[in-house]
Every structure is written in C-alpha cells, then in structure tokens.
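> 3D model of this:
(2 chains)
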Number of protein chains: 2
Amino acid sequence: MVKTIEYIDGVVRMIDQTRLPNEKVFVDCKTVEDVGHAIKTMIIRGAPAIGVAAAMGISLAADAIDAPDFDTFYEELDTKCDTLGKSRPTAVNLAWAINRMKRVTQESNALSVSDIKVRLKQEALTICEEDILANEAMGNHGQTLIESGQTVLTHCNAGALATAGFGTALGVIRAAVNAGKDIRVLANETRPFLQGARLTAWELKEDNIPVKLITDNMCGFFMRKGEVDAVVVGADRIAGNGDVANKIGTYMVAVLAQKHNIPFYVAAPVSTLDLSLSSGDDIPIEERSAEEVVTFNSKRIAPEHIDVGHPAFDITPNELVHAIITERGIARAPFTDSLKQLAGQK
Amino acid sequence: MVKTIEYIDGVVRMIDQTRLPNEKVFVDCKTVEDVGHAIKTMIIRGAPAIGVAAAMGISLAADAIDAPDFDTFYEELDTKCDTLGKSRPTAVNLAWAINRMKRVTQESNALSVSDIKVRLKQEALTICEEDILANEAMGNHGQTLIESGQTVLTHCNAGALATAGFGTALGVIRAAVNAGKDIRVLANETRPFLQGARLTAWELKEDNIPVKLITDNMCGFFMRKGEVDAVVVGADRIAGNGDVANKIGTYMVAVLAQKHNIPFYVAAPVSTLDLSLSSGDDIPIEERSAEEVVTFNSKRIAPEHIDVGHPAFDITPNELVHAIITERGIARAPFTDSLKQLAGQK
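This is a model prediction of the structure:
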C-alpha cells in the first residue's frame, strides 16, 4: 500500500488522489501554500488526511518564517493558519489540526524560534502517527459489529487514502478481515469525484478484500435484494447530537439502510467530533464547482450553460445512525451523552 | 426540437442518443438488424421509443422478405420478430409493438404480400403518431397533479427523446408549463449512462424550462431541504399490481420521496402495462456490461479487473407509487383494479 502522506526533509509528499487509479503520481509540497492548494483541489482528501496535511503544512509555514522573537513569529504563523484554515470548510479535522499546532506553538513560547520549529515538526509527525493508531483502535472496536459472511456497503473513500493509513470505515473492514472474518464490500462509486470507484475499489483490491463496484443509485437495488448486511461510512464532522456530515450521498444511503433495517455505522476519530455545534444544521456544507459535475476528462457530459447543484457533503441526522465508532470506543444514542463522554476521556 | 425517430423512404432515422448533447448525429437504419443494433447499443432508448423503433424495424424486415405466399412471408417475419424481441429484455413496449405488428400481419392474410408490406408500414407510422398523441393526453391528465411554483424531480430521461415526441414524465412537465404553470425541474444525472445529464437537461434547456442538474446521490439532500415538491418518472414495464420497472435508481428516488412525504408519480402509456405479470418480481432486469460503468470516453474510472454490478433497471413496489398517469387517465391504488380498468378501455 502506498503512503497517503509523508513528511521528509522539509517536503510534504502526497500521492495525487485526483489521478488514481490510472496513475501513481506523487506531489511534493514545499510550502504551506502548496499544501493549501493540494487540499483545495483534492490532491489529498478525507477528513483525517486533511488534518494531517494541515499539521505538516503549518510546520512548513513555521520553517519559512524568519522572525527575531516569539511574538513576530506567532503573528506570521497565525496569518498562515488563517489562510490554510479556509481551504475547505466542512471537515473539522482541518481546524482541529491547525488549532493543535497553534496551541503547541503558544505552549512553547519560552523556547527559541528555531526550537519551536523543531517542536512543530515533531507535533506534525505525532499527529500523523496518532492518526494511524486511532484508525487501528477504531478498527478493533468496529469490527466487533461485523460478522463473518457479511457484505458491507460503503460510500466515498474512508480508507487508508483518506487518513494517514489503515482508514476509518475501511479500517473497520480491514480489522474484521484481519480478525479472520470473511467480508465482502459493496462500494458506491460516489459521484461526482468517484472516490469509491477510483480510491476505495483500488485500495481494497490492493489488499485482496473482495469488492464489487456499483453506481450510487444501485445501492437501494442491492439492499432490497437482501445483499447488504451493514453500512460503514466515514465522517467529515460530527455535531454534538450525533448528526453526521459526510460525502454527498451518505444521507441517501442512510435513508435506504433504515428502509431495509440495515445497521448504519459511522467510523471517525474523536478529532472529527465538533461538540461546539449542537446539531448538524450548523455544519457548513461546501458547494464545489459545477465543472466537477459536468465535465469528465475535459469533456462535457451535459449541455453548456446549465444550472448545476454541487453540495459536496450532506447531513445524516442522528436518528439514522446506529453507532459512531471512534478510537476510544463505540458511541450509541443518545449521542449527546455518549459523544461528550468519549470526548472527555484521555 | 429534433425528432427522436422518423420513417422515410425505407429508412428509419434516429438521432444518436449516445452522442448527445455534444454532437447531433443521425443514424439511418436500413434493415431490422440495424434497428436491433440501435436498440441494443442505446442509440435509441426509452420504452415508448423502443416500441416505435421496433414497429418500424418490423416494417423494414417485411419489406426485405421476398416470399411467394403469406405462410412463407409470415414464417420469415416471425423469425425476425423473435430476434428483434431479444434486443432488450425489460421494456415491455418492445414486445408490445412486435406483437401488434404480428397481429396486423395475421389479420391481413387475405392481402397480397406487397399489400401487407404497405399495411405494416402504415401500422408503424400509426404507432408513432399514437405515441405522440398518448403523451399529450398523458400530459393533460398528469399536469393536474402539479401546481404552479413547484419543483419536480425526475430521473433518467422520460422525455421527447424516450418517445416519438413530447415525452411521458417530461410530457407531464411540458403540459404543466403549457398550461401556464411556473415549474422548475431537478434532473438526476442518472449514472451510468447519464440520460439525465445528457438528454433531460438538454431537452428541457431547448424548451426553456428551468432545469438544475444534480448527481443522483444529491436528490436526498435537496428533498431534505424542502426543495422538491413532486417526483415524476417514466416506466419500462408496469406489473398488474402497479409495481414499476424503471431505470436503475428510480427505487432509491421513490424511497427518499416516501421519507420526505413527496408524491411519487409514474407517467407511462397503456402499452407499458404488463397485466400478465402479477408483481414486479416477475419483470426481467437487464444486466448490462461492466464497461458502461467503469469507462468514460474510453478512459477507465476504476481499477482493472474489478467486479462491477450493472442492473440497468430496478423495481419500485406499488406502495411507493402515488399515481400512475396514462393517456386514458390516472390510476391510483389499489392498482390491480385501476390498471385493469384502464387497460380495458378503448
């Protein structure tokens, strides 16, 4: 399995996820602006991976600052943090990682500027390592919900490519397989960006986990035929009441799962929780460009000058969510209590 | 508006729907085999249009038969009918049109072979004209269900391009607009063949009916926001109990409509009813090639050698259907009674 993201010698190296699975091309980010561009254009995507990239980006930003004292250094870094924080609005892991890097900077104000730079690099690497460990823990908790012989439907890519490694939703599936369970995956292709077709199908195939690719609009058909036993998806932000923002189409999957009495699970690290929001209605939904919907390989698939909707995420209300799987355990309704409890643990 | 299909001077001319909206190319079918190929490869698609094409194809087949007597003629024609009937399995209009052409042939057995050929040409043209009239009547009935100011969601293309003209689901929308109502359309792009993006968006734009294009997985998002007032779709076959076979994804739309208390209407001519089947479970679902899902403009969007599902249709059970709009009026539950009544009318 290729590494989603690495930080070596002042370079943040990412696999270009816009070009998978046809080409394995790596992009080297040498500045925080490069990282911001990579996040915006979805060279790297997936809430946890965005968080890791942001932390590394802030370390790059810190390294580039030539400041005589802490206050000047912090002021410049803060500006870079602000700009990077605006690269994508929905995934809270972006703000979470940036805030963590800022907090570490403030806590290091007694150190020299060059020592703070070393400290920030360490912190970015720690965030990256912690993400993999969190996914493995999440997988171990989550796989208890999946039985051998089951087919699990997933939407978008919440895999190794959406994280520093192992994956959230696909981490649960990998952990089930590692536990010796016989698991099949049904992968929604996930229009318009095709993360399911391009990334999830590729990841699972590389790991020899049986996967069948379908268009998003087929998932109801397969559920009605009794061919789906559970749904596991990732999340970009989870509000205090358990409402889940995730890739557009997740809500459709959740409604169909409810209709067919199929459990609907969300796998996400605690860094995806945003307990400052009491409901999913307060989560900002990114509207991306119409071009991503109506062009494919620079060829249009729709008439010119057509009105196009492109909300990149939707909200699945908590009543459709059977459980939220985190690295600290599994939260169930009422989520207002269970999520607060998990967030408070160390 | 271009004509979907025309029959002039021994040539069945169709607009190539695989190349819209980028190119307006016409395909001339000179033999019944050409017509079968056009149906199979979806140069022409949409249940009513397939019926019209089949009738014209049988007329071409008849013209090509050099037979001394009726029995020889009928035997050869019957073989051509059998082959054409196998070109696509789900839309019942194909069998309906072929059976009608066979019945007319049998009823004309007192005529000379050359007079039968003339009679069959007339019948094919009649089927084409009747289809447009049926769609207009369907539109007049159906538009009473739609109020001015409403947004109607549709899936696939059940428009002029799916019929000889005017359309079934889009006929209802056109009739509402013609009645002076202010109507907006939300069009699902309809993966994998993109009939919504390529055909519905194009047709409505040509007619200056406001349309917004979305990916299929967005329709739940817009329903939850309260931006959809009604759903109108076409049908490929309707069983005696009102179960509806239509383009893959229709079932997903119907479940989402139920969840949001949005009326779900099906518009289809009586020729789409198959009262010989007591339930939708008996409708054959065409499985099309994986290539149509994983390639786009000859470029793959998924890894090589991946397992792919491609049911081209799904069944929407009658309990999700608020009304079936036909040229003879509107059928409501219990459909077993109401559809039988409509089918029996002249």
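> endpoints of stretch A:200-218, how far apart?
Using CA to CA, to the nearest Å, the gap from the first to the last residue of stretch A:200-218 comes to 17 Å.
> please spell out which residues along it are buried.
A:200-205, A:209, A:211-218 (16 or more other CB atoms under 10 Å in any protein chain shown). Heads up, the C-betas are built off the backbone N, CA and C, glycines and all.
> filter those residues down to the ones near chain B?
Filtering the buried residues of stretch A:200-218 for neighbours of chain B using CB under 8 Å from any CB of the partner chain leaves A:201-202, A:205, A:211-218.
> what's the farthest-apart pair in the residues you listed?
A:K205 and A:N217 (22.6 Å; CB to CB).
> how about the longest helix seen in chain A: buried residues?
When chain A is scanned for its longest helix (criterion: DSSP state H), the result is helix A:113-142. Of the residues in helix A:113-142, those buried under the neighbour-count criterion (16+ other CB under 10 Å) are A:113, A:116-117, A:119-121, A:123-125, A:127-128, A:130-132, A:134-142.
> same deal with stretch A:158-169?
By 16+ other CB under 10 Å, the buried positions in stretch A:158-169 come out as A:158-169.
> which of these fall within helices?
Residues of those located in helices (DSSP H): A:A169.
> how about the buried residues of stretch A:158-169 in JSON lines, adding distance to A:K86 and pLDDT?
Putting the buried residues of stretch A:158-169 into JSON lines (distance: CB to CB, whole Å; pLDDT from 0 to 100) gives the following:
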{"residue": "A:A158", "distance to A:K86": "24", "pLDDT": "98"}
{"residue": "A:G159", "distance to A:K86": "26", "pLDDT": "97"}
{"residue": "A:A160", "distance to A:K86": "27", "pLDDT": "97"}
{"residue": "A:L161", "distance to A:K86": "24", "pLDDT": "97"}
{"residue": "A:A162", "distance to A:K86": "21", "pLDDT": "97"}
{"residue": "A:T163", "distance to A:K86": "22", "pLDDT": "97"}
{"residue": "A:A164", "distance to A:K86": "23", "pLDDT": "96"}
{"residue": "A:G165", "distance to A:K86": "27", "pLDDT": "96"}
{"residue": "A:F166", "distance to A:K86": "29", "pLDDT": "97"}
{"residue": "A:G167", "distance to A:K86": "27", "pLDDT": "98"}
{"residue": "A:T168", "distance to A:K86": "24", "pLDDT": "98"}
{"residue": "A:A169", "distance to A:K86": "27", "pLDDT": "98"}
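> hmm, A:D63 and A:L77 touching each other?
No: counting by CB atoms under 8 Å, no contact exists between A:L77 and A:D63, whose distance comes to 10.5 Å.
> list phi and psi for the residue located most distally from the centre of chain A.
Most distant residue from the mean C-alpha position of chain A: A:P68, 37.1 Å away (CA atoms, centre = their mean). Note on A:P68: its backbone torsions stand at phi -80, psi -20 [degrees, to the nearest 10].
> for it, which non-adjacent residue is spatially closest?
Taking CB to CB, 6 or more residues apart in numbering or on different chains as the measure, A:P68 lies nearest to A:V113, with 7.8 Å between them; neighbours along the chain are not counted.
> just checking, that neighbour touches A:A64?
No: A:V113 lies out of contact with A:A64 (CB under 8 Å); the separation is 12.0 Å.
> tell me the contacts of A:T83?
A:32-33, A:36 (CB atoms under 8 Å, 6 or more residues apart in numbering or on different chains).
> no wait, A:L125
Residues counted as contacts of A:L125 (CB under 8 Å, 6+ apart) are A:Y7.
> switch to 10 Å and redo it
Contacts for A:L125 were tallied using CB atoms under 10 Å, 6 or more residues apart in numbering or on different chains; they are A:6-7, A:52, A:55-56, A:59.
> redo those as TSV? Include pLDDT, distance to chain B and secondary structure.
Compiled in TSV, the contacts of A:L125 are given as follows (pLDDT from 0 to 100; distance: CB to the nearest CB, whole Å; DSSP: H, G, I helix; E, B strand; the rest coil):
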residue	pLDDT	distance to chain B	secondary structure
A:E6	97	23	strand
A:Y7	98	28	strand
A:V52	98	25	helix
A:A55	98	30	helix
A:M56	98	28	helix
A:S59	98	33	helix
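> so where's chain A uncertain?
Applying pLDDT under 70 to chain A picks out residues A:346.
> domain ranges for it?
Residue ranges of the domains in chain A are recorded as A:5-136, A:139-343, according to automatic domain parsing.
> where along chain A do the helices fall?
In chain A, the helices defined using DSSP H lie at A:32-40, A:47-63, A:70-85, A:92-107, A:113-142, A:169-178, A:195, A:201-206, A:219-224, A:250-259, A:291-294, A:335-344.
> for A:V231, find the nearest of those helices.
Comparing the helices of chain A by CB to CB, helix A:250-259 comes nearest, at 4.9 Å.
> pull the distance from the closest one to the chain's centre.
Averaging C-alpha coordinates over helix A:250-259 and over its chain gives two centres that are 20 Å apart (CA atoms, centre = their mean, to the nearest Å).
> what about that helix, near chain B?
Yes: judged by CB under 10 Å from any CB of the partner chain, helix A:250-259 comes into contact with chain B at A:250-256, A:258-259.
> need those in TSV with neighbour count, can you?
Supplementary listing: the residues of helix A:250-259 next to chain B in TSV, determined by neighbours: other CB atoms under 10 Å in any protein chain shown:
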residue	neighbour count
A:T250	30
A:Y251	29
A:M252	30
A:V253	31
A:A254	27
A:V255	24
A:L256	27
A:Q258	17
A:K259	18
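> reformat these into JSON lines and put distance to A:V152 next to each item.
Written out in JSON lines, the entries for the residues of helix A:250-259 next to chain B read as follows (distance: CB to CB, whole Å):
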{"residue": "A:T250", "distance to A:V152": "15"}
{"residue": "A:Y251", "distance to A:V152": "18"}
{"residue": "A:M252", "distance to A:V152": "17"}
{"residue": "A:V253", "distance to A:V152": "12"}
{"residue": "A:A254", "distance to A:V152": "14"}
{"residue": "A:V255", "distance to A:V152": "18"}
{"residue": "A:L256", "distance to A:V152": "14"}
{"residue": "A:Q258", "distance to A:V152": "17"}
{"residue": "A:K259", "distance to A:V152": "18"}
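> biggest separation within those, which pair?
Checked with CB to CB, the residues of helix A:250-259 next to chain B reach their widest spread between A:T250 and A:K259, with 15.1 Å between them.
> buried residues in stretch A:293-309?
A:293-294, A:296, A:301-303, A:306-309.
> ok, so what distance separates the residue in the stretch 1-150 of chain A positioned nearest to chain B from B:N217?
Using CB to the nearest CB, the point where the stretch 1-150 of chain A gets nearest to chain B is A:P21, with a distance of 4.5 Å. In this structure, A:P21 lies at 21 Å from B:N217, with CB to CB, to the nearest Å as the measure.
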